[in-house]
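> structure for the following, please:
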Amino acid sequence: MTFSTASVPLDRIDGTDLSFQITTPTPLEPLKRAIDRVGVISPPLLFPKDPNTCGIVCGFRRIAACRELGHLQIHARIAAHAERSALAELAIADNAMQRPLNPVEISRALHLLSADHETPKSLCEAGRALGLDIGMGLIQKLLLLRTLPLSIQEGVIEESLPLPIALELGELGEKAGTRFAAIFSDLRPSLNKEREILTLMREIGKIEERSLPELLDDSKIDTILSDESADRNQRLNHFRTHLRKRRYPAITRAQKQYAEHLADLKPGPGLSLIPPRDFEGTTYTLTLQFASVADLRSRWEQLSRLLDHPAMTAILRRNS
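Residues are numbered from 1 along each chain as shown. Below is the predicted model of the structure:
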């Protein structure tokens, strides 16, 4: 491979050919200010497409910044008579040496290499040799990432979507996947809560015989998610509570009835009545807290009162 240097008119550079683009979109303003002050320090790398046009191997952002600044030409390196595989390796190395790449950029880089490396092991070794921080177990998942809708890819870049969740959203179809990506980007739930929400939504869909896009268009869900009076955590909790109520209506009714009976019962300080988990069992737990004989006697009197209270009878009636 041979290189030459030249000042290339910007109108002869094909900015629509993204074959070797790896970098994901970032604001150009800082780069434009630097170029406006000191010029382009590192020339972009181009390749000839035809006698009058060049494609970009490295330097998409530098060229875009110069265009926005009104420059007419740019000093560049031109790779002559280069194989596609060699250009791909140059593009990857140029990006990987500058900074750690995000998962979407790694996905693009692996796609460029995959044409010449058929096995995951070979692909992994080639990527590592060029500076990519990857493991064998992630190769296939990362290759899939670049095929997902842009909103899901953006969620991975901004770290609102872990890679496993992003791939799961990709299997839901573009409409549902994009909508979930927007919800998770806004609410920022943990990985476990994202999985919980997806599981609840799928199960509700089966019970109510509705598709995920139909469920996501539900007016109640929209009201919860767009509630400007609630902060992010409150909206997340309201959303999860709403889904659990729809998924488990019997448990929701039991919880409501128990709360009403407990409010009537008024156990008092130092005494707690704990229902079975999800009201699926029949055994309740009673805890007493005391620091003296007098406290214990007081708790015993409280307990005696509770045993004769109609609310206690109502609570335990479900066991009979």
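> helices of the stretch 201-320 of the chain, start to end?
212-216, 219-225, 232-247, 249-265, 293-307, 310-317 (DSSP state H, counting those that start in this stretch).
> so which of those helices is nearest residue 85?
Comparing the helices of the stretch 201-320 of the chain against residue 85 with Cβ to Cβ, the closest turns out to be helix 212-216 (40.9 Å). In short, each C-beta sits where N, CA and C put it, glycine included.
> out of the helices of the stretch 201-320 of the chain, flag the one nearest residue 146.
Using Cβ to Cβ, the nearest of these to residue 146 is helix 212-216, at 23.4 Å.
> helices or strands up against the closest one?
Judged by 3 or more Cβ pairs under 8 Å, 6 or more residues apart in numbering; DSSP states H and E, helix 212-216 is in contact with helix 174-187, helix 191-208.
> counting by contacts, list what the longest one packs against.
This points to helix 191-208. Against helix 191-208 (3+ Cβ pairs under 8 Å, 6+ apart) you get helix 163-170, helix 174-187, helix 212-216, helix 232-247.
> so can I have TSV of these showing distance to residue 152 and mean neighbour count?
Shown next, in TSV, are those (distance: least, Cβ to Cβ, whole Å; neighbours: other Cβ atoms under 10 Å):
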stretch	distance to residue 152	mean neighbour count
helix 163-170	5	19
helix 174-187	5	19
helix 212-216	14	17
helix 232-247	19	16
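> CSV for the ones you listed, including mean pLDDT and distance to residue 273?
Shown next, in CSV, are those (pLDDT from 0 to 100; distance: least, Cβ to Cβ, whole Å):
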stretch, mean pLDDT, distance to residue 273
helix 163-170, 95, 38
helix 174-187, 95, 34
helix 212-216, 92, 36
helix 232-247, 93, 22
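> between those, which one is closest to residue 193.
Ranking these by their distance to residue 193 (criterion: Cβ to Cβ) puts helix 232-247 first, at 6.9 Å.
> residue boundaries of the strands in the stretch 1-150 of the chain?
2-9, 45-50, 53-58, 73-80 (DSSP state E, counting those that start in this stretch).
> what's the angle from the third one to strand 45-50?
With axes from the mean of the first three to the mean of the last three Cα atoms, to 10 degrees as the criterion, the two stretches strand 53-58 and strand 45-50 enclose an angle of 150 degrees.
> likewise for the last one?
Interaxial angle of strand 73-80 relative to strand 45-50 (the same axes, to 10 degrees): 70 degrees.
> show me what strand 73-80 pairs with in its sheet, parallel or antiparallel.
The strands beside strand 73-80 in its sheet (DSSP bridges) come out as strand 2-9 (antiparallel), strand 45-50 (parallel).
> nearest to residue 255, out of the helices and strands packed on helix 212-216?
helix 191-208 (16.1 Å).
> how about residues contacting the closest one?
If you take Cβ atoms under 8 Å, 6 or more residues apart in numbering as the criterion, helix 191-208 is touched by 161-162, 164-165, 168, 180, 183-184, 189, 210-212, 214-216, 236, 239-240, 243-244, 246-247.
> over to stretch 4-15?
43, 46, 49, 52-56, 60, 63-64, 66-67, 71-78, 80.
> repeat the analysis, applying 10 Å as the threshold.
21, 43-44, 46, 48-50, 52-56, 59-60, 63-64, 66-67, 70-80 (Cβ atoms under 10 Å, 6 or more residues apart in numbering).
> now it, how far from the chain's geometric center?
38 Å (Cα atoms, centre = their mean, to the nearest Å).
> quick one: end-to-end distance for it.
Its start and end residues considered, stretch 4-15 measures 20 Å (Cα to Cα, to the nearest Å).
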